[in-house]
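J.: Let's see this in three dimensions:
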Amino acid sequence: MISIITPTYNRAYILGTLYESLKQQTSDAFEWIIIDDGSADETEALVNKWKTEEKRRHSKTKNSLSKQKTPQPLTL
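T.: Here you go, the predicted structure:
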C-alpha cells in the first residue's frame with residue numbers, strides 16, 4: 001500500500017480533479033491523506049461529501065505551520 005499525502009489550503013477548486021484522477025486508478029492499494037491547514041473555502045465540505053464514497057483521512061488545523069503544531073487527522 002502507498003500513501004498519497006496532499007497538503008492543502010483553500011484548494012477546493014482543484015482537489016476535485018485529483019479526486020477524479022485517483023478514482024480512475026486501476027489499483028486501489030493506496031490511501032489518500034489530505035492535510036488541510038485551516039482552509040476558509042469549501043475544502044472541508046467537499047471532503048465531507050467524499051467521505052461517503054471513499055475511506056480517506058482529512059485533517060484540518062488552524063495555521064498549524066505558523067504555530068508549529070502537528071495536524072490531528074480526522075478519520076473519514
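J.: switch to C-alpha atoms for all contacts and neighbour counts from now on
T.: Will do.
J.: what residues are up against Ile4?
T.: The contact partners of Ile4, by CA atoms under 8 Å, 6 or more residues apart in numbering, come to Phe30, Glu31, Trp32, Ile33.
J.: Can you tell me the closest non-neighbouring residue to the third one?
T.: Which is Trp32. Leaving out its chain neighbours, the residue that sits closest to Trp32 by CA to CA, 6 or more residues apart in numbering is Ile4, at 4.8 Å.
J.: Is the one you found within a helix or a strand, and which one?
T.: Under the criterion of DSSP states H and E, Ile4 resides in strand 2-8.
J.: What's the first helix or strand after that strand?
T.: Next element after strand 2-8 (DSSP H and E): helix 12-23.
J.: Any buried residues in stretch 27-47, and which?
T.: Of the residues in stretch 27-47, Glu31, Trp32, Ile33, Ile34, Ile35, Asp36, Asp37, Gly38, Ser39, Thr43, Glu44, Val47 count as buried by neighbour count, 16 or more other CA atoms under 10 Å.
J.: Looking at those residues, which are in strands?
T.: Glu31, Trp32, Ile33, Ile34, Ile35, Asp36 (DSSP state E).
J.: Between those, which sits nearest Tyr19?
T.: Ranked by distance to Tyr19 (CA to CA), those are led by Trp32 at 9.1 Å.
J.: Please tell me I have it right and the closest one contacts Pro7.
T.: No - applying CA atoms under 8 Å, one finds Trp32 not in contact with Pro7, separated by 10.7 Å.
J.: Looking at the contacts of Ile4, which is nearest Thr17?
T.: Of the contacts of Ile4, the one sitting nearest to Thr17 (CA to CA) turns out to be Trp32, at 13.7 Å.
J.: which residues of this structure score low on pLDDT?
T.: Counting by pLDDT under 70, the chain has low-confidence residues at 54-76.
J.: same thing but at 80, please
T.: 52-76 (pLDDT under 80).
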